[in-house]
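J.: the sequence isn't on hand, but the structure is:
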């Protein structure tokens, strides 16, 4: 009887505590600003700042939109940049700066661009910052003719995982 009670209580605790971490993150994420897009070709996106604890089991950190200047470079890979210390910080980008745009206080940005491949950076603590890489490059985005590409720029250097 005691053995059955221990198993039953353990099962109750395990099933009662189960939840989907994705739901926790979705409750923290701001609304995307896709309704503000007015360009016909280029890149639009949002910039979100992640601050605090995002460890599993319902994180307690905050995610909020921020105003930043987005620097659009010709696509860059790891051989085209100089790191500033460890992590996603860069002191120099050795590809051509194409343009820049300031996001709105709500994090929204859009920029008209020719077709091609680009890398997006922001400046954080005086150096370039980009914390993603993909098959295109560092924070790589592909712009195709008569299309607008979506890019969510997450600034996560003030968060713990």
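T.: Looks like it arrived, so ask away. Here the structure is a predicted model, which means the values were calculated and not measured.
J.: from now on I want contacts and neighbour counts done on CA atoms only, so please keep to that.
T.: Will do.
J.: helix or strand for residue 106, which one?
T.: In this assignment (DSSP states H and E), residue 106 forms part of neither any helix nor any strand.
J.: give me the neighbour count for it.
T.: Look at residue 106: counted by other CA atoms under 10 Å, it has 17 neighbours.
J.: what of residue 94?
T.: Residue 94: 14 neighbours (other CA under 10 Å).
J.: that one touches residue 83, doesn't it?
T.: No: using CA atoms under 8 Å, residue 94 makes no contact with residue 83, being 11.4 Å away.
J.: what helices or strands is the helix or strand where residue 122 lies leaning on?
T.: Residue 122 is part of strand 116-124 when elements are defined by DSSP H and E. Under the contact criterion of 3 or more CA pairs under 8 Å, 6 or more residues apart in numbering; DSSP states H and E, strand 116-124 touches strand 69-74, strand 127-129, strand 140-143.
J.: identify whichever of these lies nearest to residue 38.
T.: strand 140-143 (15.5 Å; CA to CA).
J.: check which element follows the closest one along the chain.
T.: In N-to-C order, the element after strand 140-143 by DSSP H and E is strand 148-160.
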